[in-house]
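# this one's sequence-less:
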DNA sequence: CGCGTTAGTTATAGACTCTAACCGGAGTTA
DNA sequence: TAACTCCGGTTAGAGTCTATAACTAACGCG
C-alpha cells in the first residue's frame, strides 16, 4: 500500500527527521525571526543538501505553520502550568500569575511570539487550526474568571459573547470544561478582555516600542490585571 | 559640489520619483503585506529596470522604514483629526472618538498596521526614529486624559512614569504641549495604558484571531475605553 | 559651450524556493 | 530467502529576489 505501517521504523525515522528540521528552524526563528527561516540553511545544518527537505515538508509555509502551532501549544502549556500551580489561590492572584506566565513565555521566546502576532510571509495563509490553537491559550484564563462580573460598559460585548456560547454548543462545552460553574457570557467577556490587554502589552514590549520610556512593562501588566479585577469584581 | 542645489529641478524630480516608488510599494504592502514589497516589481511598475531604484533607496529596508514612518504619520494624523473634531466634548466621549479613529485607520489599512506591529524582514533593524514616530501617535491621547486619576493598582507604574517625566525634560515638554495642565504621571499612565489596550484589540482583530468568535471588536473597544474611564475617574 | 554630476542601462554574483529526473538501498511481501 | 516496491537522497535547473559593478547618455550649472 501507499504509506508504511503506522508504527514501523520508516515512520519513526520520518518523525525524528521532521523534529530535527523543526528544531533547526526554531533556532533560525529565535535568531532572526520568521523571515530568517531558510530551507537551504536548515539543510546545510543537517548535513543534507537542499531539496531533501521537501520529502518532509512540502513547502516552507507548511514548516512555518508547524512552528506556529508548536509555539501556541508551548505558550498554552506555560499558562496552564501557572494555573495548576496556583490552584487554591484567590482569583486575583491566579490571574496575576497567568498573566505573568504569558509575558514570561514571550520574553523567553520573543521571536516566536512575533511569529504568532503576524503572518510571516506574503504567500502565507493562516490555516484555521491556528485560530483554534490561539483559542487554546484562553482556556486556563476561563478557569480563573468564574467569579467575574463585567460592568455595564461591557454589557453589549457580554451579550454578544453569551449569544455565541448559546448558539454554538462547542463553545459552551469548551467553557464548561474549564469552569463548570460561572456564567459563560461573563467569563468569555473576561477572557477576551484579558487576552487583548495581555497581547497589547506584550506585543509592544516585544517589538521594542517601549524602549526609552522609563517604565517596567511588568508594572503596566500588574496595573492592568488589577484594573480588570477591580472593575469587574474579581476577589 | 556633490549634491545639486536645494530647490533645483534635479532635486524635485528626485523627490517625485521617490514618492512614486513609495506609492507602488504601498500598494504592494496593501495587497500582500511587508514581505510582498519587491524592488523588482516596483521597477517593472514604473517602467524602469531593476537596479535603477537603488539610486533612490539604497536598500529595501530603507524603503520599508520610510513606509513605516509614513504609516505612523498617517495614523497620528487620523487620531489628531479626531481630537480636533471633538475639541469641546467631555473627556470620555473624546477618548471613545480617538480610539475609534485609531481602529478605523487600522481597518482601512490593515497591512500597513501590521507593518507597524512587527519587524518585517530578518535583516531589518528598526531605527530609533520609528520609536519617536510611534510616540507621536500618543500625543493626542494625552490631551484627552488631563483629568485622569489612575487607581492604586497603577501606583507603581504611575511613579515610574512620573519619574521619567521629571528626569527627562523633553518628555515633560512633550506632555506640556499636549496638555498644559494635568499631572504628567497621571496622563502618561493613561496614555500608555490606552495605547496597549488599543494595540491589543486592533492587532488581534487585524491578524484575524477573532474570526469565528461571535463578537464585534468595536464592542470590546468601547467596553475597554469605558472601563478605563470608570476605573481611572474620567468624566 | 563644456564639465561634472546623475539617472539610467546591462551584466553579474549570490541566495532563496521549489520542480524534475534519476539512483540506491531499506522495508515489505510472497 | 528472493523479488518487488517505495522512499530518502542526490544533482540539475528554472525562476524569483536583493544588491553591486561598470558603463553610457543626458541634464543642469557656471
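Okay, I see it. It should be emphasised that the depicted structure is a prediction, and the values quoted were computed from it without experimental measurement.
# ok, the nearest residue to residue A:126 once chain neighbours are set aside - contacts?
Counting by C-beta to C-beta, 6 or more residues apart in numbering or on different chains, residue A:126 lies nearest to residue A:119, which is 6.1 Å off, once chain neighbours are set aside. (C-beta placed from N, C-alpha, C; glycine too.) Counting by C-beta atoms under 8 Å, 6 or more residues apart in numbering or on different chains, residue A:119 makes contact with A:125, A:126, B:33, B:114, B:207.
# need the contact list for the last one.
With contact taken as C-beta under 8 Å, 6+ apart, residue B:207 is in contact with A:117, A:118, A:119, A:126, B:114.
# can we see that at 10 Å?
Contacts for residue B:207 (C-beta atoms under 10 Å, 6 or more residues apart in numbering or on different chains) come out as A:116-119, A:126, A:130-131, A:134, A:199, B:110, B:113-114, B:117-118.
# tell me the spacing between residue A:176 and residue A:146.
Distance, residue A:176 to residue A:146, using C-beta to C-beta, to the nearest Å: 11 Å.
# what sits in contact with each of those two?
residue A:182.
# which one of these two is surrounded by more residues?
Using other C-beta atoms under 10 Å in any protein chain shown as the criterion, residue A:176 and residue A:146 rank with residue A:146 on top: 17 against 14.
# how far away is residue A:8 from DNA strand D?
Going from residue A:8 to DNA strand D by C-beta to the nearest atom of the strand, to the nearest Å gives 10 Å.
# in chain A, where is pLDDT below threshold?
A:1-6 (pLDDT under 70).
# how is it divided into domains?
A:1-58, A:69-231 (automatic domain parsing).
# please convert those domains to JSON lines, extending it with distance to DNA strand C.
Converted to JSON lines, the domains of chain A look like this (distance: least, C-beta to the nearest atom of the strand, whole Å):
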{"stretch": "domain A:1-58", "distance to DNA strand C": "3"}
{"stretch": "domain A:69-231", "distance to DNA strand C": "7"}
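# out of these, which is the most enclosed?
Highest mean neighbour count among these (mean count of other C-beta atoms under 10 Å in any protein chain shown): domain A:69-231, with a mean of 19.
# ok, back up a step: need the contacts of residue B:207 in TSV with secondary structure and distance to residue A:67, can you?
Compiled in TSV, these are given as follows (DSSP: H, G, I helix; E, B strand; the rest coil; distance: C-beta to C-beta, whole Å):
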residue	secondary structure	distance to residue A:67
A:116	helix	10
A:117	helix	13
A:118	coil	14
A:119	coil	13
A:126	coil	13
A:130	helix	11
A:131	helix	16
A:134	helix	14
A:199	helix	19
B:110	helix	23
B:113	helix	23
B:114	helix	19
B:117	helix	19
B:118	coil	15
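# could you measure the residue in chain A that chain B sits nearest to against residue A:209, distance?
Chain B sits closest to residue A:200 of chain A, with a gap of 2.5 Å, by C-beta to the nearest C-beta. Distance check for residue A:200 against residue A:209: by C-beta to C-beta, it reads 11 Å.
# can you work out which residues contact both of the two?
Joint contacts of residue A:200 and residue A:209 (C-beta under 10 Å, 6+ apart) are B:195, B:196, B:199.
# closest to residue A:66 among the residues you listed?
Of all the shared contacts of residue A:200 and residue A:209, residue B:199 has the smallest distance to residue A:66: 27.6 Å, by C-beta to C-beta.
# how about the most centrally placed residue in chain A, nearest residue that isn't a chain neighbour?
Centroid-nearest residue in chain A: residue A:72, 3.7 Å away (criterion: C-alpha atoms, centre = their mean). Once flanking residues are discounted, residue A:72 sits nearest to residue A:133: 3.7 Å by C-beta to C-beta, 6+ apart.
# elements contacting the one helix or strand the one you found maps to?
According to DSSP states H and E, residue A:133 maps onto helix A:128-144. Where contact means 3 or more C-beta pairs under 10 Å, 6 or more residues apart in numbering or on different chains; DSSP states H and E, helix A:128-144 is packed against helix A:60-85, helix A:91-108, helix A:110-117, helix A:169-178, helix A:184-207, helix B:184-207.
# try it again at 7 Å.
Packed against helix A:128-144, as judged by 3 or more C-beta pairs under 7 Å, 6 or more residues apart in numbering or on different chains; DSSP states H and E, are the following elements: helix A:60-85, helix A:91-108, helix A:169-178, helix A:184-207.
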